[in-house]
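Engineer: Kindly generate the corresponding structure for this input.
(4 chains)
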Number of protein chains: 4
Amino acid sequence: MPGMDMMDMSLMQACMDACAACEQACTVCSTQMMDCGPACMNCADMCNTMMRSMMRMQGMTPATMMAMLDATVAMCQYAMDKCMEHADHSEICRMCAQACKDCMDACAAMRESMMKMAS
Amino acid sequence: MPGMDMMDMSLMQACMDACAACEQACTVCSTQMMDCGPACMNCADMCNTMMRSMMRMQGMTPATMMAMLDATVAMCQYAMDKCMEHADHSEICRMCAQACKDCMDACAAMRESMMKMAS
Amino acid sequence: MPGMDMMDMSLMQACMDACAACEQACTVCSTQMMDCGPACMNCADMCNTMMRSMMRMQGMTPATMMAMLDATVAMCQYAMDKCMEHADHSEICRMCAQACKDCMDACAAMRESMMKMAS
Amino acid sequence: MPGMDMMDMSLMQACMDACAACEQACTVCSTQMMDCGPACMNCADMCNTMMRSMMRMQGMTPATMMAMLDATVAMCQYAMDKCMEHADHSEICRMCAQACKDCMDACAAMRESMMKMAS
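Structural biologist: A predicted model of the protein is given here:
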């Protein structure tokens, strides 16, 4: 990816792992058929797309990658908020909210690192 | 989706159709194993994720939807640019670039319509 | 795909279209959060995977393609059965059951055509 | 899943992990744009679909699950064979072939365990 030679590979690996974990947690959670379900389905798909793009390390620019990171952060935030409403009575929602938070944080850290490189 | 009651359903349907067509064109194009391949793979995944989210019409907010539209526009633009480099000698790239352009335009129109509603 | 030169392209195009339509119907249906939801989620994913493989027309053998067709037929059959339980009171389930049936039939026709070619 | 109460959960967990690892290895491998690419793209999609279905643990029957395991075994076998052709000069293909083999073995073990339960 042009202009990205200095990308922090440990942040990126952490980000891919967090996306994979979040896709899995959201897939499990959405199967509960609770009202967080649609948010978790959207989040699972977005996390898979984000993870695959980072795996490829090609076919992107810093601009496309940042736009996808923004979309993943936004989706994780919303799925987390929806799952937190059920965190008291669903262990699965509690774990899903945590996976969403971890993924949101990892994507935000990745994005911040890219912004620093670009400046 | 709260706050989205006034969404333009014909724009959304056109957007879903354009995402579906773009996923298919990019899937075909990436199988050519040319240097637009990784961009087209990323674009196919992003378009599928965008299409599914619109199909669900739930589990989103205007903010998450706009972030995903931005990511889809950015990915389509880049895949289109890469395919245009081969448009002279690959009919598949030419069709793929067109599908990317149509999807980019449909997502941008959707986004603009949402911005107007929000203001 | 070696040994597949004689494949019936009109059957394959119909099969890809039916997979695309079934993925979309199942995605909508699973968002209803009814008890057909998990079957429809599985069916949407399987249909997308089947469609993409046929789009690629490479990276397969007749054996892998038939195994995937069998899996798609089985998933469509089950999602259809689950949705038929709600067909009386959900228009979405009725449309989803029809899309599953169409996809099942298209995949079965494709499989039968491949068996004839192989013999 | 009816009739599956006795499913071996440690085999299933190993199978989901192997599918996740295989999707990732195949996604990386297909980005090399070598002639194993299309097989690896098909394999990545199939493994993701298989993994998500097992994660859901609902919306399946033993018959649909076995059909999907068969399709995953067939796809992994073929992607492995294609990658083995490049194993001497591509470390990525060597790792991908191993991930395909592990996933194939884990799915075959899962299938065998289900057959035993059913008899």
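Engineer: Point out where chain A drops to low pLDDT.
Structural biologist: For chain A, applying pLDDT under 70 flags the ranges A:1-5.
Engineer: change it to 90
Structural biologist: By pLDDT under 90, the low-scoring segments of chain A are A:1-8, A:115-119.
Engineer: Tell me the residues of it that contact chain B?
Structural biologist: Applying Cβ under 8 Å from any Cβ of the partner chain, one finds that chain A approaches chain B through A:36-43, A:45-46, A:48-49, A:52-53, A:56, A:58-61, A:63-64, A:67-68, A:70-71, A:73-75, A:77-79, A:82. Any C-beta I mention is one placed from the backbone N, CA and C, and that applies to glycine too.
Engineer: Of those residues, which qualify as buried by neighbour count?
Structural biologist: Burial by neighbour count, judged by 16 or more other Cβ atoms under 10 Å in any protein chain shown, picks out A:36-43, A:45-46, A:48-49, A:52-53, A:56, A:58-61, A:64, A:67-68, A:70-71, A:73-75, A:77-79, A:82 from these.
Engineer: restrict the residues you listed to contacts with chain D.
Structural biologist: Answer for these near chain D (Cβ under 8 Å from any Cβ): A:48, A:52, A:56, A:58, A:59.
Engineer: And the furthest pair within these?
Structural biologist: Maximum pairwise distance in those, criterion Cβ to Cβ, is 17.6 Å, between A:48 and A:58.
Engineer: Among the buried ones among the residues of chain A next to chain B, which ones are in helices?
Structural biologist: If you go by DSSP state H, those have A:37-43, A:45-46, A:48-49, A:52-53, A:56, A:64, A:67-68, A:70-71, A:73-75, A:77-79, A:82 in helices.
Engineer: ok so, going back, quick one: which of the ones next to chain D among the buried ones among the residues of chain A next to chain B is nearest chain C?
Structural biologist: Nearest to chain C among those: residue A:48, at 10.4 Å, using Cβ to the nearest Cβ.
Engineer: contacting residues for the closest one?
Structural biologist: With contact set as Cβ atoms under 8 Å, 6 or more residues apart in numbering or on different chains, residue A:48 has these partners: A:19, A:23, B:45, B:49, D:48.
Engineer: Next, find the distance separating residue A:7 from chain B.
Structural biologist: Here residue A:7 is placed at a distance of 16 Å from chain B (Cβ to the nearest Cβ, to the nearest Å).
Engineer: tell me the phi and psi of that residue?
Structural biologist: With angles defined as degrees, to the nearest 10, residue A:7 sits at phi -60, psi 140.
Engineer: again with residue A:87
Structural biologist: Per-residue torsions, residue A:87: phi -60, psi -30 (degrees, to the nearest 10).
Engineer: May I see the buried residues of the helix or strand hosting residue A:93?
Structural biologist: Using DSSP states H and E, residue A:93 maps to helix A:91-118. Within helix A:91-118, the residues that count as buried by 16+ other Cβ under 10 Å are A:92-93, A:95-104, A:106-111, A:113-114.
Engineer: That one relative to helix A:37-56, how many degrees between them?
Structural biologist: In terms of direction (axes from the mean of the first three to the mean of the last three Cα atoms, to 10 degrees), helix A:91-118 departs from helix A:37-56 by 40 degrees.
Engineer: Check the offset of stretch A:17-30 from the chain's centre.
Structural biologist: 9 Å (Cα atoms, centre = their mean, to the nearest Å).
Engineer: now could you export just the CA positions of that stretch as PDB?
Structural biologist: The C-alpha trace of stretch A:17-30 is given here as PDB (Å, rounded to 0.1, in the frame of the first residue of the first chain):
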ATOM      1  CA  ASP A  17      -7.400 -10.300  15.800                       C
ATOM      2  CA  ALA A  18     -10.000  -8.000  17.400                       C
ATOM      3  CA  CYS A  19     -12.000  -7.900  14.200                       C
ATOM      4  CA  ALA A  20     -12.000 -11.800  14.000                       C
ATOM      5  CA  ALA A  21     -13.100 -12.000  17.700                       C
ATOM      6  CA  CYS A  22     -15.800  -9.400  17.200                       C
ATOM      7  CA  GLU A  23     -17.200 -11.100  14.100                       C
ATOM      8  CA  GLN A  24     -17.500 -14.400  16.100                       C
ATOM      9  CA  ALA A  25     -19.000 -12.800  19.200                       C
ATOM     10  CA  CYS A  26     -21.600 -10.900  17.100                       C
ATOM     11  CA  THR A  27     -22.500 -14.000  15.100                       C
ATOM     12  CA  VAL A  28     -23.200 -15.900  18.300                       C
ATOM     13  CA  CYS A  29     -25.000 -12.900  19.800                       C
ATOM     14  CA  SER A  30     -27.300 -12.300  16.800                       C
END
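Engineer: when you scan that stretch, is anything in it near chain C?
Structural biologist: Yes. With Cβ under 8 Å from any Cβ as the measure, stretch A:17-30 is seen reaching chain C through residue A:30.
Engineer: What are the contacting residues of that stretch?
Structural biologist: Counting by Cβ under 8 Å, 6+ apart, residues outside stretch A:17-30 touching it are A:36-38, A:40-41, A:43-44, A:47-48, A:50-51, A:54, A:72, A:76, A:79, A:83, A:92-93, A:95-96, A:98-100, A:102-103, A:105-107, C:41, D:16, D:20, D:24, D:51-52, D:55-56.
Engineer: for stretch A:111-118, same thing?
Structural biologist: The contact list for stretch A:111-118 (Cβ under 8 Å, 6+ apart) reads A:3, A:4, A:6, A:7, A:8, A:11, A:62, A:65, A:66, A:69, A:70, A:73.
Engineer: Try it again at 10 Å.
Structural biologist: The contact list for stretch A:111-118, computed with Cβ atoms under 10 Å, 6 or more residues apart in numbering or on different chains, reads A:3-8, A:10-12, A:15, A:62-63, A:65-66, A:68-70, A:72-73.
Engineer: what sits against the spatially closest residue to residue A:39 that is not a sequence neighbour?
Structural biologist: Counting by Cβ to Cβ, 6 or more residues apart in numbering or on different chains, residue B:59 is the residue found nearest to residue A:39 once chain neighbours are left out, at 3.6 Å. When contacts are counted by Cβ under 10 Å, 6+ apart, residue B:59 touches A:30, A:35-43, A:75, A:78-79, A:82, B:1, B:53, C:31.
Engineer: same deal with residue A:44?
Structural biologist: Residue A:44 makes contact with A:19, A:22-30, A:75, A:79, A:96, B:49, B:52, C:41, D:52, D:55 under the criterion Cβ under 10 Å, 6+ apart.
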